[in-house]
Structures are given as structure tokens and as C-alpha cells.
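**Q** show me the folded form of this:
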Amino acid sequence: MSRTKLIIIGGVAGGATAAARARRMDEGAEIILLERGEYISFANCGLPYYVGEVIKKRQDLLVTTPEAFRKRYRIDIRIFCEVTAIDRKSKRVSIRNHRTQEKYWETYDKIILAPGAEPIKPPLEGINLEGIYNLRNIPDTDRIKNQVDKKRPQSAVIVGGGFIGLEMVENLVRRGVRITIVEMADQVMPPFDPEMASMVRAHLESKGVVCRLGQGVKGFRKEGGRLLVSVNNGEDIECDLVILSIGIRPENRLAKEAGLEIGKTGGIKVDASMRTSDPDIYAVGDAVEVRDFITGFPLISALAGPANKQGRIAADNALGRKGVFRGTMRTSIVKVFELSVASTGLSEKTLRGYGLPYQVSYTCSGSHAAYYPDAETMTVKLIFSPGKGTVLGAQIVGKEGVDKRIDVMAAAIHGGMTVFDLEELELAYAPPYSSAKDPVNIAGFVAANLIKGDVENVYPLEVSDLDPNERVFLDLRSRGEIRQSGSIEGALNIPVDELRDHLKDLDKEKAYIIYCAVGQRAYVGYRIMTQNGFRARNLSGGYETYKVFNQKIKNENPGARSQNSEFLKEEKPR
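**A** Numbers count the residues shown, from 1 in each chain. All right, here's what the predicted structure looks like:
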């Protein structure tokens, strides 16, 4: 057993995990965990649910206490102790005890930095007014919950439409608070692609949430005891409570002042062993710049899962065992009322920004067998490389079963699998849980068809760019479906089972955009038409996807094109 003296600066996912791992690896090491706050390990992701009283007991947020951690691991835990400087030359750290105001030095052999990240708080007028909060830790949560419990706010503005912001929306609505989201981007969930985020926005608005997108906040002020949020279009939004969820930045001050290298993202630069530019100092968690698993490009990842893994790897390497962090895919999921919204890997807009080639498919599948009660539809966006079909990313929005499908996609990316592998995956099936062709298989089938040239897609957001004089929408659903859910304006309607009978009535000089509800019948229609000499493309994701992505659908379409051939003949240009 060694007598390595390891100082861990900061707790929670990265630091506390590193401390526990270090003790398991080396019973003889001297391990000191320094935490400037009171809590060494708590459930960050559970904080909004405590405000919403889904989590009833405050103590349930505490993963462990200093006393329990000390007892199990025999680690020297010092809460309310902040490291103010690292003297790398003398291998010591300066510590301030915030309870006693004592200042002292502690020597080290190795350091693991886990300072986390701090909320972005722009210097806006009135941003420090009472009633304006960030949500990052347990004291923040206590302040917000105290306000909600005692003052019973009627309305709140959430500034920022990301993960924490949307979780706070749901939980404040549970407490009877009317919500307005103000988001500078033109979508909620900025990491997602806009068409997938549009489904989330629609769901929020169905719950009475007002979404003010593409608007920035200019400042805050109080009038008559209420807060006024000034937005950049000149309007003021009156409310009782403001939650800032603008984003976070790495806590890199200590590392900077110690002369450690900082990456271009602002995170502490580390190698695959989590070692900084100083061979005796490691860093983990929200404060570090890591690598994207797929591209190798640098990024910041504020997720608990990667932070835990980094903590284990840093502890191993600090104590002489080799370990490597291969990067992050930023796999994530968020609950937004009844919706589950999940992603893994690269988004389309990220790939476009990098200038990397990709293809996309959309599928809408049931969460389980359609004949078993209460099946829910999920929309799957699959992103893959042209040619080989390597899975690059996935985004899924739905109500049931989203979590397990995104996890399969994440495993596929981690294993370097292709869409052809997704076709062949053998996944658990029973009617209450899935279908014989799981949504993951379906996504693989559709993507593989694209690569093999069995179908050519057009995407919902591309439709408006097509020449209306050249293209014709062809709806292959039944007339009853159209009466119930509407159709794309101007579309011809021939049910797929009657399509062959009506080919003689269609104009081969036109280009047809074929669709059904979610894409299966349209694929069949595409194969029929193209093998009979027609130019056609399949509307990816079908009408249900188009309806969400575009707001140009008639709620009812009594003038939908007739199914009989005589009417179809009249629609040809004269």
C-alpha cells in the first residue's frame, strides 16, 4: 500500500466518485476531500423535482453525508473549506475555512480538480433583485422552494429553454404557477435540431406555457412588488418569480491562476487519462474540456454520467493504475410533462457546422405492439454517415419507451455500429413492451433503404423550397384518416391499395411527393410508382412528422382530392 497524499478539490459527481474510487484502489493512501460548500454529494438532477414536490423529502437529495462517507471510506472530508491557490512548485494548496476564517497550507502528491461549473449570470440591470434565482445546488433549491411555498407566486418567467429550464417549467406548473419561457434561440432545447424541438414546444404550449422564442432579456426591475422582465422587442413581462437557466461556464479560475492549460472551450485541458498540463494534477467533470467520442473535437459536457466515469479514471491514474476516457456522446434525456425528449451523439446542426457529411431519416413507431392497449407514438431522427451507414446520432421524442431506444442508439454509436446493424439487432419483444420490429429496427430499415437507393426522401423542412408547379403531393392514406386529421393543402388522395389502379390517371411529367401517416405505406407507394416510370420522393416521417414541423396544414380538408380517376384527370394542366 502506498502513502500517496491525494487532495480532491470539489465533491459531487466527479470529486466524490474520485474519492471513493481512490480509497477502493489504495487503502493506504492519504485522501483529503475539500468542499467549499456543505454538501459533498447530492442529486443535482433531482433539484427541480424537489421544488415541484415530486421528491417529498429534502434528505432524499443527499447521495451521502460527510459523516457517512468518512465512516465508510476513512477519508479526511473538510466541508466549508475552499482551495484559494495551488502552489505547483512547492506542491501545496492554500485553504480557507469559511466557518472559522482560518487560512492554512496543505501539501500534496497528486490533485484531482473537480470544481464544477458556475451559472452564467450576465451583467443585466436588476439581475440581483429579490425573486431572481439560479438553480445549481441545494441552497439555490432551498431559496426557490421557500419562495414558492411561502409566497405562492402566480406566474414565473424561465429565462432559457434548456434542460434545467424545462424541468423547472414542469415542476412550477405542478405548483400552480403560470409560466413564460424566454429563450434567445428560435427553439427550446437548443442542443436539439429545430424540427425535433418543435414537438417539445407544441407540447409545452398545450400545457398553457407561453414560449417567447428568439427573444433576449434586456433587464429586470420591480414595480408594485412584482418583477418586470424587459425583453429585446421592447415589451415587459410581469411575474412574481424568475429562474435563470441561461447556461453554465467551467469554473477554471483556480486552474488558470495555477498556470494550467485552458482549452479553447474555456474548460481545463486534459488528456485521455484526465491529466492536466501538470503531470501531478488531474481534472474531471463540468470544468474540463474533453473530446467528442465520434469526431474527437473538444467540447464541454455538463452531464453526471461522464463526470462519474472521469472521476474513476482520474483516481486510477493518480494512484498508478492506467485508465482512459474515450470521450463523450452527450447522451441525455429530459422529461417535459408527458414527453420524454432524448438524444445521443451528433446533431444535424453540429455536423453541418463541422462541415461533415451525413444523412438523416425520420420514423414514427409505436412504443409497443399496436394491438396492445395504450401504445404511444415516438418520433425517431437517425443521423448516419453516407455509404457505410455508421450511426452518428439520434434524437427521439415520445411518451413511452424513449429511454430504452436512446440507450440502444448510444450503445450502437459506442460500438461503431451501422444502420445495417440496427436492422439486425435482436431486441426484447412482448406486446406490452415492443413490437417484433422494434423502433430501433425500423429506423435501421429506413436508413438502410436510403443508402441502398431503394427510396429517395424529401424532408419536411425542404418542401417549401420545391417548385409548386413541378411537384404534386400524393396522400396515400384513407379518406377517413384525412377527415380525422387533415391533409397537406392541395394534395391528391389515392389510398395505397388503389394506387396501381390509378397510375394511368397520373401525369408522368410531374414529380410526386408521396406520404402517408408515418411512412410505411408511402415507401410501398414509392416502390410502385418508381418501377412504373414515375418520378417520386417519399416525405420522410410522413404526415404526422410534417404536421409538427410545418404549420401550413388545414385542420379539416373537405376539398381533399377525390379518389376517383375522373377527378384526377381534371387536375392535369390543360
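
**Q** quick one: the helices in the stretch 401-550 of the chain?
**A** For the stretch 401-550 of the chain, the helices defined by DSSP state H, counting those that start in this stretch cover 402-414, 419-424, 439-452, 479-485, 499-502, 520-530, 542-549.

**Q** and those helices as JSON lines, adding distance to G160, mean pLDDT and mean neighbour count?
**A** The C-beta positions use only the backbone N, C-alpha and C, and glycine is treated the same way. Formatted as JSON lines, these follow (distance: least, CB to CB, whole Å; pLDDT from 0 to 100; neighbours: other CB atoms under 10 Å):
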{"stretch": "helix 402-414", "distance to G160": "23", "mean pLDDT": "98", "mean neighbour count": "20"}
{"stretch": "helix 419-424", "distance to G160": "34", "mean pLDDT": "98", "mean neighbour count": "19"}
{"stretch": "helix 439-452", "distance to G160": "31", "mean pLDDT": "95", "mean neighbour count": "22"}
{"stretch": "helix 479-485", "distance to G160": "34", "mean pLDDT": "90", "mean neighbour count": "14"}
{"stretch": "helix 499-502", "distance to G160": "48", "mean pLDDT": "96", "mean neighbour count": "15"}
{"stretch": "helix 520-530", "distance to G160": "38", "mean pLDDT": "94", "mean neighbour count": "21"}
{"stretch": "helix 542-549", "distance to G160": "23", "mean pLDDT": "80", "mean neighbour count": "23"}
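
**Q** closest to I243 out of the ones you listed?
**A** helix 402-414 (25.3 Å; CB to CB).

**Q** tell me what the closest one is packed against?
**A** Where contact means 3 or more CB pairs under 8 Å, 6 or more residues apart in numbering; DSSP states H and E, helix 402-414 is packed against strand 332-336, strand 339-345, strand 377-384, strand 391-398, helix 439-452.

**Q** so for P139, which of the helices of the stretch 401-550 of the chain sits nearest?
**A** helix 402-414 (30.5 Å).

**Q** nearest to E261, out of the helices of the stretch 401-550 of the chain?
**A** Here helix 402-414 is closest among these (CB to CB), at 28.1 Å.

**Q** which residues in the stretch 51-200 of the chain form strands?
**A** Along the stretch 51-200 of the chain, counting by DSSP state E, counting those that start in this stretch, strands occupy 62-64, 76-79, 81-87, 92-97, 103-107, 110-113, 117-119, 132-134, 155-159, 178-183.

**Q** could you list the buried residues of the longest one?
**A** Looking back up the chat, that one is strand 81-87. 81-83, 86 (16 or more other CB atoms under 10 Å).

**Q** can you check the fifth one too?
**A** Buried residues in strand 103-107, counting neighbours by 16+ other CB under 10 Å, are found at E106.

**Q** and what of the first one?
**A** Taking 16+ other CB under 10 Å as the neighbour-count basis, strand 62-64 is seen to contain the buried residues 63-64.

**Q** want to throw the helices and strands packed on helix 402-414 into JSON lines with distance to G14?
**A** Putting the helices and strands packed on helix 402-414 into JSON lines (distance: least, CB to CB, whole Å) gives the following:
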{"stretch": "strand 332-336", "distance to G14": "17"}
{"stretch": "strand 339-345", "distance to G14": "21"}
{"stretch": "strand 377-384", "distance to G14": "29"}
{"stretch": "strand 391-398", "distance to G14": "25"}
{"stretch": "helix 439-452", "distance to G14": "31"}
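
**Q** about what we covered before: of all the strands of the stretch 51-200 of the chain, which one is nearest D286?
**A** strand 117-119 (3.8 Å).

**Q** quick one: list the elements packing against the closest one.
**A** strand 248-250.

**Q** adjacent strands (with direction) for the strand it packs on?
**A** Strand pairing for strand 248-250, determined by DSSP bridges: strand 117-119 (antiparallel).

**Q** quick one: residues in contact with the strand it pairs with.
**A** Outside strand 117-119, the residues within contact range by CB atoms under 8 Å, 6 or more residues apart in numbering are 134, 136, 244, 246-251, 285-287, 300, 302.

**Q** same thing but 6 Å
**A** Under the contact criterion CB atoms under 6 Å, 6 or more residues apart in numbering, strand 117-119 has outside partners 134, 136, 248, 250-251, 286, 302.

**Q** now L241. Its backbone dihedrals?
**A** When quoted as degrees, to the nearest 10, the phi and psi of L241 stand at phi -150, psi 140.

**Q** and for it, the neighbour number?
**A** 22 (other CB atoms under 10 Å).

**Q** give me the local confidence score for the nearest residue to F293 once chain neighbours are set aside.
**A** Distances taken as CB to CB, 6 or more residues apart in numbering put G327 closest to F293, at 3.6 Å, once the chain neighbours are dropped. What the model reports as pLDDT for G327 is 95.

**Q** need phi/psi at G327.
**A** Per degrees, to the nearest 10, the backbone of G327 is at phi 120, psi 180.

**Q** quick one, helices of the stretch 251-400 of the chain?
**A** Using DSSP H, counting those that start in this stretch, helices in the stretch 251-400 of the chain cover 253-257, 304-318, 348-354.

**Q** pick the most buried one from the ones you listed.
**A** Greatest average neighbour count among the helices of the stretch 251-400 of the chain goes to helix 304-318 (a mean of 24), per mean count of other CB atoms under 10 Å.

**Q** just the mean pLDDT for that helix, thanks.
**A** Mean predicted confidence for helix 304-318 is 95.

**Q** also stretch 214-224?
**A** 93.

**Q** can you list contacts of it?
**A** 124-126, 129, 159, 182, 184, 186, 228-232.

**Q** what's the burial count for S478?
**A** Neighbours of S478 using other CB under 10 Å come to 18.

**Q** low-confidence ranges in the protein?
**A** 1-2, 550-574 (pLDDT under 70).

**Q** got CSV for the contacts of strand 117-119, with neighbour count and distance to G219 too?
**A** Formatted as CSV, the contacts of strand 117-119 follow (neighbours: other CB atoms under 10 Å; distance: CB to CB, whole Å):
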residue, neighbour count, distance to G219
N134, 19, 17
R136, 18, 22
I248, 18, 21
P250, 24, 26
E251, 19, 26
D286, 26, 28
A302, 21, 27
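
**Q** quick one: the helices of the stretch 401-550 of the chain as TSV, columns for distance to S464 too.
**A** Converted to TSV, these look like this (distance: least, CB to CB, whole Å):
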stretch	distance to S464
helix 402-414	29
helix 419-424	28
helix 439-452	22
helix 479-485	21
helix 499-502	26
helix 520-530	19
helix 542-549	10
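
**Q** looking at those, which is closest to F473?
**A** That would be helix 542-549 among the helices of the stretch 401-550 of the chain, by CB to CB, at 9.7 Å.
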